[in-house]
Every structure is written in C-alpha cells, then in structure tokens.
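>>> Provided below are the primary sequence and the corresponding predicted coordinates.
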Amino acid sequence: MTGGGPAGAGIFLDNRPGPVVEQLGEAHRQARRSWMMRFWLTWAALVGLLLLFLWYTNNLQLDWIAENGPQILTGAGITVIVSAASIALATVLALFGALGRVSRSPELNGIASLYVSLVRGTPLIVQIYFIFFGLPQLGIVLPAVPSGIVALGFNYGAYMTEIFRAGIQAVPKGQQEAAQALGMRERLIFRRIVLPQAVRIVTPAIGNEFIAMIKDSSLVSFITVQELFWYAGKLGTRDARTLQALAIAAAFYWGLTIIFSFFQERLERRMARGDR
C-alpha cells in the first residue's frame, strides 16, 4: 500500500480535492450566487417602488432636483473632509484612551476614565456648541470646520476607547506571558502581538462607529459649516422644497455608508482568512 517507488509516494503527495469535494464546492458557489441575485433583485425592487410612489404622488419634482441638486452637492466635499478628519482624530484618541484604561497607573487610568465618562454623559450637540461658542470665552477661538472636527473626534474617541479596551483585554494573557518569557519588551509585545489581534477583534464595531460618525457629521451645520446638510436646508427652505432637498442629502449619506460598508466587509473577510 505504501509503495517504495515514485508511484507509491504519489499516492500520499496528491492532495488535490476529489470529485465529491469539487461538486460540493461548486454547489455551494451556485447557491451563494443565487442568494445574492435574489437579494439584490429584492433590494432594487423596493427602491424602485419607493421612487415610483414619490413619482406618483408628484412629490419627487425631478426638475427641481436637476436644477438645485448640483448646488446642494457642493457641500459634499466638506462632509467627506469633516468625516475623514474626525475618524482619524477619534482613532488616535481611542487608542491612547484604551491604553490609559488598561494601564496600572492610577493617574493615567483616572484621566482616561474621566474622559470617557464626561463625553458619554453629555450630548454631542452640546459638545459641538461648547467648542465653537464656549471656548472663545476662555480665549480659545477655532473656526467652524476645525471645531466640528474636534467635537466629532473627541466624542467618538470616547466611545471607541471602550471598544479598543475590550479588544485589548480579549487577547489571551498566555500569549503575552509567552512573549515575556522569550525576553520581549512590553512595547514590542503590544505592537507585535496585542495590537494586531485587538484590531482584528474590534474591526466590526469600529466600522459601525465610523458609519454613525458619517451621519452625525451633519450636526456641524448648526455651527455654520457649509456642508451637505447645510446646503440642503438652505435651498429646501428657500424654495419650499424640503422633501426634495433632504432626499438629495439622504441619498448622498446613504451612498457614503454603502461604500464604507463595502470596504469594511472586504477588510473583515481578509482578516477572517488570516484567522483561518
């Protein structure tokens, strides 16, 4: 059975899947394609029914949308800039906050805990107003766009701090102890062992926070930031076409979240392959 020559060795070296495995794999792929086709057909049908309803009730006003839509979308660039900058700031604050929350130092842990408690205990709109209108009374004056970025990043950084903390604590302690036994320093252990695994664990939750931040970026319009929602409110009120203006803004925010969700899903799949 074992075979001493090349023919015998070939029996054990041939790891190609058999016909049954290939058939099962092909059946699974066909079922997946069928499911995705039915999903997208349902999705497109529902969107089409919604547009048809608006058209039938004569509330869509395509001529107004075609005329004013490009002007409303001029604020889309500011929306993207505010969202991207706020996400970057929140990630940095969350990483340092999480390190403070897991630190053995009572001072660092106390500062991080106060930051999380203060931000989570007050509304985001209050924080935006405080930074833009309150800080000037203390001699700190920030323009509207930086104020919105700081407020959003400061707020979401606190929520993401707890997510990062949970991810760091979810990494098995045995791996860190094994690295210490090999003589690795704590900083190297965190950078090479703890942080990569923590990021993989918290990616879905962090992605959801980013999507929520994209939508909450509309709140900076209340401090005169001329972004997408600001233009939609201004033009919709001017022409008494609030429904049409808000529909344009909602469609853009929806599109941003779909794009971000697509890349988030691809990232999660890639990390899942690494785990397997």
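Perfect, thanks for sending it. Every value quoted in this text rests on a predicted model; they were computed, and no experiment measured them.
>>> so how far is G121 from L99?
Separation of L99 from G121 (C-beta to C-beta, to the nearest Å): 22 Å. Where you see a C-beta, it was placed from the backbone N, CA and C, and this is true even at glycine.
>>> oh sorry, the question was meant for G167
Counting by C-beta to C-beta, the gap from G167 to G121 is 23 Å.
>>> these two - which one has more neighbours?
Set G167 next to G121 and count neighbours by other C-beta atoms under 10 Å: G167 wins out with 21 against 8.
>>> what residues sit buried inside the helix or strand hosting that one?
Following DSSP states H and E, the helix or strand that holds G167 is helix 144-170. By neighbour count on 16 or more other C-beta atoms under 10 Å, the buried set for helix 144-170 is 144-145, 147-168.
>>> same thing with stretch 243-263?
244-245, 247-249, 252-253, 256-257, 260.
>>> and stretch 170-185, by the same measure?
Quick answer for stretch 170-185 (16+ other C-beta under 10 Å): 171, 176, 179, 184.
>>> swap in stretch 84-98?
In stretch 84-98, counting by 16+ other C-beta under 10 Å, buried: 85-87, 89-91, 93-98.
>>> so for that stretch, mean pLDDT?
For stretch 84-98, mean pLDDT rounds to 93.
>>> go on, stretch 63-75?
On average, stretch 63-75 scores 87.
>>> retrieve the pLDDT associated with Y156.
Listed pLDDT for Y156 reads 95.
>>> next: E22.
73.
>>> again, but for V80
Taking V80 on its own, its pLDDT is 91.
>>> who are the contact partners of it?
Counting by C-beta atoms under 8 Å, 6 or more residues apart in numbering, V80 touches L256.
>>> if we use 10 Å, what do you get?
214, 217, 227-228, 252, 256 (C-beta atoms under 10 Å, 6 or more residues apart in numbering).
>>> those residues in helices, which ones?
214, 228, 252, 256 (DSSP state H).
>>> wait, isn't Q71 in contact with K234?
Yes - contact status for Q71 versus K234: in contact at 9.4 Å, counting by C-beta atoms under 10 Å.
>>> what about the two, which has more around it?
Neighbour count, other C-beta under 10 Å: between Q71 and K234, K234 has more, with 16 against 13.
>>> shaky segments in the stretch 151-276 of the chain?
272-276 (pLDDT under 70).
>>> how about a cut-off of 50?
Filtered on pLDDT under 50, the stretch 151-276 of the chain yields no residues whatsoever.
>>> any idea which helix or strand carries the closest residue to E162 other than its chain neighbours?
Spatially, and ignoring its direct neighbours in sequence, E162 is nearest to V116 (6.5 Å; C-beta to C-beta, 6 or more residues apart in numbering). Taking DSSP H and E as the criterion, V116 maps to helix 106-120.
>>> how about that helix as CSV, C-alpha atoms only?
C-alpha atoms of helix 106-120 as CSV (Å, rounded to 0.1, in the frame of the first residue of the first chain):
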residue,chain,number,x,y,z
PRO,A,106,-3.9,55.3,38.7
GLU,A,107,-3.3,58.7,37.2
LEU,A,108,-3.5,57.5,33.6
ASN,A,109,-6.4,55.3,34.3
GLY,A,110,-8.2,58.1,36.1
ILE,A,111,-7.7,60.6,33.2
ALA,A,112,-8.9,58.1,30.6
SER,A,113,-11.9,57.2,32.8
LEU,A,114,-12.9,60.8,33.3
TYR,A,115,-12.6,61.4,29.5
VAL,A,116,-14.9,58.5,28.7
SER,A,117,-17.4,59.4,31.4
LEU,A,118,-17.6,63.1,30.6
VAL,A,119,-18.0,62.6,26.9
ARG,A,120,-20.5,59.8,27.1
